[in-house]
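Enquirer: Using only what follows, build the 3D model:
(one chain, ligands or ions: 2)
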Amino acid sequence: MPINPETQMAGPAPPPPGLHTRKLSDDVPNVYDDAKTYYTAEDRHRNNRAGPRTRTYSQNGLLKQMERFFTPDPYRRGSHDESTMPHTRKFLIQVEPTLQSLQAQEDTDQNMQITIEDNGPKVLSLRTAASNGYNRFDIRGTYMLSNLLQELSLAKEYGRKQIILDEARLNENPVNRLSRLIRDHFWEGLTRRIDASSIEIAARDPKDWTDDPRPRIYIPRGAPEQYEYYTKLAQEKPDIRLDVQLLPEKITPEIVRDMNSKPGLLAVDMEEETDPETGEKTLKGRPFVVPGGRFNELYGWDSYMESLGLLVNDRVDLAKSMVLNFCFCIKHYGKILNATRSYYLCRSQPPFLTDMALRVYDKIKHEPGAADFLRTAILAAIKEYHSVWVAEPRLDPVTGLSRYRPEGLGVPPETEADHFFHILEPYVAKHGVTFNEFVEAYNTGKIKEPKLDDYFMHDRAVRESGHDTSYRLEGVCADLATIDLNSLLFKYESDIGRTIRNVFGDKLVIPAEYCVGDMQPGHVETSAIWDRRAKRRKLAIDKYLWSEEAGMYFDYDTAKRQRCDYESATTFWALWAGVSSPKQAAAMVTKALPRFEAYGGLLSGTKESRGEIGLDRPNRQWDYPYGWAPQQMLAWTGLYRYSFTDEAERLAYKWLFMITKAFVDFNGVVVEKYDVTRPIDPHRVDAEYGNQGLDFKGVAKEGFGWVNASYIYGLQIVNGHMRRALGTLTPYETFVKAIEENRAKALAELV
Ligand SMILES: OC[C@H]1O[C@H](O[C@H]2O[C@H](CO)[C@@H](O)[C@H](O)[C@H]2O)[C@H](O)[C@@H](O)[C@@H]1O
Ligand SMILES: [Ca+2]
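Expert: Ligands and ions are numbered 1, 2, ... in the order given. Alright, predicted model coming up:
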C-alpha cells in the first residue's frame, strides 16, 4: 500500500481485482446488480429466454410442482438441467411458495436465517429457466441456501411474485458478495439525513428509556433557521409528533441531566437547496452514516472508521458530509460529541478529525472549494484541540498529557437497564428505597454519595474513550493519560502543523468564531508551534507511557503518578499516529504483537490483564477475548506505516477470514464486534448489551458501520493472493502452508 505523503498515512490502493462493478454498461444488465435494480427490472424476470420447449406453467401448475418441496424426499433428482455453463444458469422461481418451502425445510430452528446450526437436508431443487421450469437443479449447502433465502426475501420486498434468478447470485465468491453488499446496500441502509424526508427514521432511538419515545429534536441557539424549519415541519406533519426544542445558550451538566426526561436528537448541519420547480429555498440535512443496531445517531470515532471504508467505496460525499457535521458540532456544541443525542452532550469520543479531513481532501483537492473545506476542518480541529483536549479538566498539567475526563452528572441513562445494578445495589439497600427511587434521588442531588460521584466520573470517561467498558479503565479512567488519546493528539499536532505549512503557506488566520481563550480574531497560526507541541508530546509519551522492557506503551495514572500495567491493543495506535521511533516499532512487533494476536486478529487486551471473570466480575466487551474493528484498522495502518507489511497483511487476513466465515455460515451476518478466539461462531458475544447486527429476518440490510469499513479497508491491505484465498475460505495456516510449499518447490527447481 502506498504511503500518501500528504497525510503521511497509508493511502487506499486501487480496488481489489475481481470486485464486480455495478453495471457492465448502461444497457447490459449485470447479474450482480444491486437488489433494487435487479428485482425491479420487469424484463429480467419475464422468461423469454426459454428454449424450444415452450411448455408453460400456470401459477397453480407450478405450485403443484413446488409441493414436491414439502414431500419427505424434496431433493430427489428428477429431470435435471445439464447446463455446463454454471455462470449462466438461471432459475425460474415462484417467490412466496419457494420461500415457504425453503424455510420449512431448511430453517429448522425457525430464526428466519439458514445457518450451519440448522439441521435441514441442505439441498433444494430449483426449476431452471432455460427449460422453462421443466428441469431442475439442486442448490446445496448452507451458503447457497442462505443466499437463496436472502435473494427471495429481497425479491418479495420488491413485490415480485416470480423471478428469474441467476445462479451466480447464489454461489458468488463470498468476498465479492460481502464487499458488494456493503458497497451497494449496507452503506445506504445506515445513511441518515435529518430533514423532512426522513426525520421519522433518523429520530428513532432504540435506547430511549421513557414511556413516550416520540421523535424530538434539539436545535442550538446559533441555528435559528433550523428552528424555523423544524417548527414548520412539526406543524405540517402533526402525525409524526415531532417535538422541537431550542437548546439553552449555555449547556451545563445540570441542564443535560434534566433533559433526560425528554431525550432527543441533536440537530446537525443542513445546507440550503432551491426547489427547481418553485424556485423556493429550503433546507436539506447533511447525511451521515450511523453505526447500526441500537446506535441510530452520528457517532464520533465510528464515523472516522466508517469513512475509511466509504473512501475506498468512492463515497467521498458521505465522508465529507460527516466532516462538515463534525465542524457543526464543534461550532454549536463545543465538541465532536460521543453521539448526537441530548444525553451525550457533555462528552466527546476519541478525536480523529484531522486525519479524516485530510483523507477527504486528498480525494477532492482538484475540486473547487477543496481548500476552503480543509481550512474549515483544520480551524474546527484547532478550536476543539484547545478547548476540549488540552484544557482543564482533561489536561494533566504535570505531565502535559491529556485524559478522557468529561463533565456530567448522575447515572448514564442510555445503558442497558441492569448495567449498574451491582454498583448501585449496596446504596439502594443503605437508603432503604427502590432502585428507581435511588437513581432519581441520586441524580437530582437529594441523596449525596461522593464515592458514587467518583465512580461515575470515571464511567463517563470510559464512555468518552470509546472503550466502554473494560477493566482497564473502570474506576480509574478519568485519571489516565492513555496511549490512545495521546497518540491521537500527537496526530492532530503533526497533521495541523504539516497542513498549515504545506497547504496554507505556513500561515493560517484564525477568524473570530474559532478563537479560544485569549486568542484574538486575525491571530495567525504557523507550523512551528504545532511541530513543537508534537515533539513535546512525544517526549512525554516516551517518558511516562513507554516500557522498553515490555516493548509496548501503557497508560499513566496521573493521580497515583505511576504507569499502569494493563496490556491494551491501543499500544498500536502509537504506530498509526507515527509517535514511535523505528526501534520502538520493532520492539512492539517482536514483544507486544504476539501477546495480542489471536485466531481472528487482534485482541482488545490480553487475558492476563483482564484477569479472572465470574458472576461478580462479568466480562466487559472491550476486554479479552473480544476484537474490535477500530483496533484492527489502526494497527494495520500503523504496521504499514513502519513497513511491517507482512504483519499487517497477516492480521488483516485473520480478521477478514473470520468475518467472511461467519458471513458464509450464518446467513450473511456482520456484527459490531467479534470474539476473536472463537473459530465457529465468533459473532456470538453476550457481554453487556450483547452484539449488534444480529437482529435481522431473512436478509441483513446494514451489517455494522465500522466492521463494514474494516472489511472494505482490509481488502486493500491484503495482497491479491490472499484475497483469492479468502474467497475460497482458506484458513490462514493452510494458506501459509501452501505458500511455503510453493516456495520450497520453486527453490528446489532452482537448484
Ligand atoms: O449504550 C451504551 C454505550 O454505547 C455506546 O458505546 C458503544 O457503541 C458506540 C457506537 O458504535 C461505540 O462508539 C463505542 O465504542 C461502543 O463502546 C456509546 O458510545 C456509549 O457512550 C454508551 O454509553
Ligand atoms: Ca435458522
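Enquirer: Tell me which residues of stretch 294-313 come out buried.
Expert: For stretch 294-313, the neighbour count (16 or more other Cβ atoms under 10 Å) marks 295-313 as buried. In this view, the C-beta of every residue, glycine as well, is placed from N, C-alpha and C.
Enquirer: Repeat that for stretch 606-613.
Expert: Neighbour-count burial for stretch 606-613 [16+ other Cβ under 10 Å]: 606, 609-610.
Enquirer: Can you list the neighbours in contact with it?
Expert: 471-472, 565-568, 595-596, 617, 619-620, 623-625 (Cβ atoms under 8 Å, 6 or more residues apart in numbering).
Enquirer: follow-up on the earlier one: nearest to Gln631, of the buried residues of stretch 606-613?
Expert: Nearest to Gln631 among these is Thr606, at 12.9 Å by Cβ to Cβ.
Enquirer: What does the pLDDT read for the closest one?
Expert: Looking at Thr606, its pLDDT reads 98.
Enquirer: Then His419?
Expert: pLDDT recorded at His419 is 89.
Enquirer: Name the helix or strand for the closest residue in space to it that isn't next to it in sequence, please.
Expert: Nearest residue to His419, sequence neighbours excluded (Cβ to Cβ, 6 or more residues apart in numbering): Glu688, at 6.8 Å. Element membership for Glu688 (DSSP states H and E) is empty, with no helix or strand holding it.
Enquirer: nearest to Lys745, of the buried residues of stretch 606-613?
Expert: Top of the list for closeness to Lys745, among the buried residues of stretch 606-613 and by Cβ to Cβ, is Thr606 at 38.2 Å.
Enquirer: Pick out the residue of the stretch 351-500 of the chain closest to ligand 2.
Expert: Residue of the stretch 351-500 of the chain nearest ligand 2, by Cβ to the ion: Glu416 (25.8 Å).
Enquirer: mind listing what that residue touches?
Expert: For Glu416, counting by Cβ under 8 Å, 6+ apart, the contacting residues are 688-689.
Enquirer: Was I right to think the residue nearest to His419 contacts Asp623?
Expert: No: using Cβ atoms under 8 Å, Glu688 is not in contact with Asp623; the gap is 10.6 Å.
Enquirer: and those two? which has more neighbours close in?
Expert: Neighbours were counted for Glu688 and for Asp623 using other Cβ atoms under 10 Å; Asp623 has more, 26 against 16.
Enquirer: Might one say that the more buried one is in contact with Ser470?
Expert: Yes: with contact defined as Cβ under 8 Å, Asp623 and Ser470 form a contacting pair (5.0 Å).
Enquirer: who touches both of these two?
Expert: 604-605.
Enquirer: Around ligand 1, pick out the residues from this protein.
Expert: Proximity of the chain to ligand 1 (Cβ under 6 Å from any ligand atom) is limited to residues 207, 291, 295, 299, 301-302, 338, 412, 414-415, 463, 466, 468.
Enquirer: again, only using 5 Å
Expert: By the rule Cβ under 5 Å from any ligand atom, the part of the chain lying against ligand 1 is 291, 295, 299, 302, 338, 414-415, 463, 466, 468.
Enquirer: Need the max-distance pair from those residues.
Expert: Farthest pair in the residues of the chain next to ligand 1, by Cβ to Cβ: Asp302 and Thr415, 17.2 Å.
Enquirer: So which of the buried residues of stretch 606-613 is the closest to ligand 2?
Expert: Set against ligand 2, the nearest of the buried residues of stretch 606-613 by Cβ to the ion is Arg610 (32.4 Å).
Enquirer: still on that earlier bit, going by distance to ligand 1, which of the contacts of stretch 606-613 wins?
Expert: Arg620 (10.1 Å; Cβ to the nearest ligand atom).
Enquirer: Can you show me the helices along the stretch 101-250 of the chain?
Expert: Using DSSP state H, counting those that start in this stretch, the helices found in the stretch 101-250 of the chain span residues 141-157, 174-181, 187-190, 199-203, 224-236.
Enquirer: just to revisit the earlier point, can the buried residues of stretch 606-613 go into a markdown table with extra columns for secondary structure?
Expert: Listed next are these as a markdown table, based on DSSP: H, G, I helix; E, B strand; the rest coil:
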| residue | secondary structure |
| --- | --- |
| Thr606 | coil |
| Ser609 | helix |
| Arg610 | helix |
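Enquirer: Specify which member of those residues is nearest to ligand 1.
Expert: Distance to ligand 1, by Cβ to the nearest ligand atom, is smallest for Arg610 among these, at 16.2 Å.
Enquirer: now that closest one: how far from Ser321?
Expert: 38 Å (Cβ to Cβ, to the nearest Å).
Enquirer: repeat for Ala130
Expert: Ala130 is 46 Å from Ser321, by Cβ to Cβ.
Enquirer: Ala461 should be in a helix, yeah?
Expert: Yes: assigned with three-state DSSP, Ala461 falls within a helix.
Enquirer: Contact partners for it?
Expert: Contact partners of Ala461, counting by Cβ under 8 Å, 6+ apart, are 403-406, 473, 477-478, 480.
Enquirer: Would you map the strands across the stretch 51-200 of the chain?
Expert: Taking DSSP state E, counting those that start in this stretch, the strands of the stretch 51-200 of the chain run over residues 90-94, 123-127, 136-140, 162-166, 191-192.
Enquirer: ditto for the stretch 651-751 of the chain
Expert: Under DSSP E, counting those that start in this stretch, the stretch 651-751 of the chain gives strands at 673-675.
Enquirer: Contacts only, for Cys329.
Expert: Counting by Cβ under 8 Å, 6+ apart, Cys329 touches 266, 268, 335-337, 340.
Enquirer: repeat for Phe696
Expert: 112-113.
Enquirer: how close does it get to Asn667?
Expert: Phe696 is 8 Å from Asn667, by Cβ to Cβ.
Enquirer: can you check Thr730 too?
Expert: 21 Å.
Enquirer: in the stretch 451-600 of the chain, which spans are helices?
Expert: Under DSSP H, counting those that start in this stretch, the stretch 451-600 of the chain gives helices at 483-502, 527-544, 573-577, 582-587, 593-596.
Enquirer: Packed most tightly, which of these would that be?
Expert: helix 573-577 (a mean of 27; mean count of other Cβ atoms under 10 Å).
Enquirer: neighbouring contacts of that one?
Expert: So helix 573-577 is in contact with 483-484, 487-488, 490-491, 494, 541, 553, 580, 584-585, 588, 634-635, 637-639, 641-642, going by Cβ under 8 Å, 6+ apart.
Enquirer: Just the helices from the stretch 601-750 of the chain, written as ranges.
Expert: 607-610, 629-641, 645-665, 705-717, 720-727, 732-750.
Enquirer: Just the buried residues of the third one, please?
Expert: Judged by neighbour count (16+ other Cβ under 10 Å), helix 645-665 contains these buried residues: 647-665.
Enquirer: again, but for the last one
Expert: Using 16+ other Cβ under 10 Å as the test for burial, helix 732-750 gives 732, 735.
Enquirer: what comes into contact with it?
Expert: Contacts to helix 732-750, defined as Cβ under 8 Å, 6+ apart, come from residues 650, 653-654, 657, 721-722, 725, 730.
Enquirer: repeat that with 10 Å
Expert: Applying Cβ atoms under 10 Å, 6 or more residues apart in numbering, the external contacts of helix 732-750 come out as 599-600, 650-651, 653-654, 656-658, 721-722, 724-726, 728, 730-731.
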